[in-house]
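[1] sharing a model that was predicted from the sequence below.
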Amino acid sequence: MSIQALRERLSALNKDAKNQIAEAGSKTWTKEEKEKFDSVMDEAERVQSQIEASQRVLDMEAEKEFRHLPTKKDGPQDAQMEGYEIFLRKSDRQMSQEDAAKVRNTMSTTTGSEGGYTVQTTVAKTLIEALKSYGAMRRVATQITTAAGEDLSYPTTDGTAEEGEIVAQNAGASDQDVSFGTRSLNVFKFSSKVVTIPIELLQDSGIDVISLVNGRLRSRIGRHQNKKYTTGTGTGEPWGMVTAASVGRVGAAGQVSTVIYDDLVDLMDSLDVAYLDEESGDDDLPGAAPWFMFSQTMRRAVRKIKDTAGRPIWTPSYDEGMTAKRPDLLLGYPVKINNDMPTPAANAKSIAFGNLSQYTVRDAMNVTMYRFDDSAYAKKGQVGFLAFSRAGGNLMDTGAVKLYQHPAS
């Protein structure tokens, strides 16, 4: 079965499950209804696994043979992007004076003697803006950009414990100072590792070499950044959301690999109601709205959890990836899948819930590019490319996100 047919099958299964939930309404589910729903969810999980396996095979084939290469688009090209393309395609020895001038106008020569160039803002933005495609954290986080990468202490304030008062006639109002704090938002240098491209592809003028090289660089940096934004220790790397947030619920003994309905309810109630009441105006972007975040492994554990009336607490979105970008719902709140979240295990913090946009990602707008065409690569018929990107992240309001932690045993 083709991957498209599998996706259509998954959509149909999720639609059936959603319709079953809607038709049952608020009544208590019978044993047969629960078994039917669980059967549909089991098959949906199997189809999802087939889709993931098929996609991995396609990705490996594309990586190995460079299939489905982007073709160069016709039409006028921005002068800076033209200079960037020359840098990618030609070594210094191959450049004409005109080519060299275009490269210098596009890329700083501060490190040119070492083979590297600091990419100008216009080109750097094309690299940075696409990073959100490679990780869940950038898609939910607040993002800021600074021109330089000096250490930064970001001001924070928590007003959830503040309240007003009733003042008697002719009486004065009380004072209550606003409490401010700071959270470090320093940047760290992320490397793409060296990406090797066959010389023949760079010589082919019909290939969109910018998309080819940038795609490889972005995916590598983006995936590693997502891991650090999720579980980074804050020492020599960004503060991860899981590291910075506090635990709202610890599972009872014996739930090393599971979570129950009561745990999820308690996790939600551990979040201040001020965050629960916030709303987002975009169905696909969390904004200030509370979201769940966990891995696909945890999703398998929560898909079939029932409430006290036997009703499923998971509402699948059969439109996901088909026509609309609406997420699945857990207890009425949207779910964001992040496979860098810890998987169920002893003491693991596998579920996050809250205002995920309180996690802030900072990019320093100075992406550095290197091109390697020395003998180590030339004898293999390759050219190497390396990118360094400076970025960091931290949870600005530690009360905005709560975690579910599995017991020690």
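    Noted; the coordinates are in hand. Residues are numbered from 1 along each chain as shown.

[2] what sits against the residue nearest the centre of the chain?
    Computing the C-alpha centroid of the chain and ranking residues by Cα atoms, centre = their mean puts residue 136 first, at 1.9 Å. The contact partners of residue 136, taken as Cβ atoms under 8 Å, 6 or more residues apart in numbering, are 226, 230, 293, 336-338, 340. (Glycine included, C-beta is placed from N, CA and C.)

[3] separation between the residue sitting furthest away from the middle of the chain and residue 243?
    Here the centre of the chain is the reference, and by Cα atoms, centre = their mean the most remote residue is residue 170, at 54.8 Å. Residue 170 sits 52 Å away from residue 243 when distances are taken as Cβ to Cβ, to the nearest Å.

[4] before we move on, the earlier item: against residue 176, how distant is the residue farthest from the centre of the chain?
    21 Å.

[5] so where's the longest helix in this structure?
    Scanning the chain for the helix with the most residues, using DSSP state H, yields helix 31-65.

[6] for that one, what is the average pLDDT?
    In this model, helix 31-65 has an average pLDDT of 80.

[7] ok, stretch 201-217 next?
    83.

[8] buried sites along that stretch?
    By neighbour count with 16 or more other Cβ atoms under 10 Å, stretch 201-217 contains the buried residues 201-202, 207, 209-210, 212-217.

[9] go ahead and confirm residue 297 touches residue 340.
    No: Residue 297 is not in contact with residue 340 according to Cβ atoms under 8 Å; the separation is 11.6 Å.

[10] so between those two, which is more surrounded?
    residue 340 (21 against 15; other Cβ atoms under 10 Å).

[11] tell me the pLDDT of the more buried one.
    Reported pLDDT for residue 340: 95.

[12] that one: which element?
    Using DSSP states H and E, residue 340 maps to neither a helix nor a strand.

[13] now it. Its backbone dihedrals?
    Per-residue torsions, residue 340: phi -90, psi 0 (degrees, to the nearest 10).

[14] tell me who's in contact with the nearest residue to it once chain neighbours are set aside.
    Spatial nearest neighbour of residue 340, chain neighbours left out: residue 230 (4.1 Å); criterion: Cβ to Cβ, 6 or more residues apart in numbering. The neighbourhood of residue 230, defined by Cβ under 8 Å, 6+ apart, consists of 136-137, 240-242, 338, 340-341.

[15] and what of residue 221?
    Here residue 221 is in contact with 131, 134, 190-192, 387, 389 (criterion: Cβ under 8 Å, 6+ apart).

[16] same check on residue 290?
    268, 271, 275-276, 278, 333, 353-355.

[17] got it, and residue 254?
    407, 409.

[18] relative to residue 260, how far out is it?
    10 Å.

[19] okay, the closest residue to residue 29 other than its chain neighbours: pLDDT?
    What sits nearest to residue 29 in space, not counting adjacent residues and going by Cβ to Cβ, 6+ apart, is residue 310, at 3.8 Å. With respect to pLDDT, residue 310 has a value of 89.

[20] in this structure residue 310 contacts residue 28, no?
    Yes: taking Cβ under 8 Å as the definition, residue 310 is a contact partner of residue 28 at 5.6 Å.

[21] of these two, who's got more company?
    Higher neighbour count among residue 310 and residue 28: residue 310, with 15 against 11, using other Cβ under 10 Å.

[22] wait, what's in contact with the more buried one?
    28-30, 33-34.

[23] go again using 6 Å as the cut-off
    Taking Cβ atoms under 6 Å, 6 or more residues apart in numbering, we find residue 310 in contact with 28-29, 34.

[24] repeat for residue 392
    By Cβ under 6 Å, 6+ apart, the neighbours of residue 392 are 185-188, 238, 362.
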